[in-house]
Structures are given as structure tokens and as C-alpha cells.
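K.L.:
Only the shape, not the letters, is given here:
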């Protein structure tokens, strides 16, 4: 009985998440999740809340990372700058360096 109640709560949370299109993960400050639909050309629209939080503007270049086991990720915009700087300077970030 308890398992059914928990499952029901989870289902309601998923339905709410899909309908609202965004979620702030409780007890995990700074963690978010959104749903997006893939268009016929394979395009997605980054939700406005995400664009505002991560300062994504029209014309910005983003990097898309993919892992067959873990999925797709869009790291922060400055990741590209850090990567290029590291490659050209020949320096590797040290543990404890500011991100």
C-alpha cells in the first residue's frame, strides 16, 4: 500500500513537471530540470528560465556534450573559453582552481 502511494506521488510529480515545463529540485540549490520538445529539424528551444539563469543570449555559441550512457549536457558558456585557453597555453587546471 505504501509503495502505491509513493508511486502515485511520483507520477503526479512527473505530470506536474511535464505540464509546467520546469522544476527546481528540492534540497539541491542551483539544480534544475526542464522538458523540451524536439522539432522536425532536430531543434530544441532552451526554456526562458534556463536562458535567464545561465545568461544565454541569441547568437551565443554553446557546446553540446554527449555520452551514450549518461546522455546529453550543455555546460556553461565559459567552458569553451577555458578549454581553448587550456589547449593553447598547455596548462591544466589544478584541483582547487576557481572554475
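P.N.:
Right, received. Where do you want to start? This is a predicted model, so every value here is computed, not measured. Numbering: from 1, shown residues only.

K.L.:
Setting aside sequence neighbours, what's the nearest residue to residue 77?
P.N.:
residue 60 (6.1 Å; Cβ to Cβ, 6 or more residues apart in numbering). In short, each C-beta sits where N, CA and C put it, glycine included.

K.L.:
Check residue 51 too.
P.N.:
residue 57 (7.7 Å).

K.L.:
Return the backbone torsion pair for residue 65.
P.N.:
phi -110, psi 150 (degrees, to the nearest 10).

K.L.:
Assign the residue nearest to residue 77 to helix, strand or coil.
P.N.:
Counting by DSSP: H, G, I helix; E, B strand; the rest coil, the backbone at residue 60 sits in coil.

K.L.:
now do the same end-to-end measure for stretch 50-66.
P.N.:
19 Å (Cα to Cα, to the nearest Å).

K.L.:
Quick check: buried residues in it?
P.N.:
Residues of stretch 50-66 classed as buried: 50, 56 (neighbour count, 16 or more other Cβ atoms under 10 Å).

K.L.:
And the contacts of that stretch?
P.N.:
22, 32, 34, 46, 72-77, 79-80, 83 (Cβ atoms under 8 Å, 6 or more residues apart in numbering).

K.L.:
try 10 Å
P.N.:
22, 30, 32-34, 36, 45-48, 71-80, 83 (Cβ atoms under 10 Å, 6 or more residues apart in numbering).
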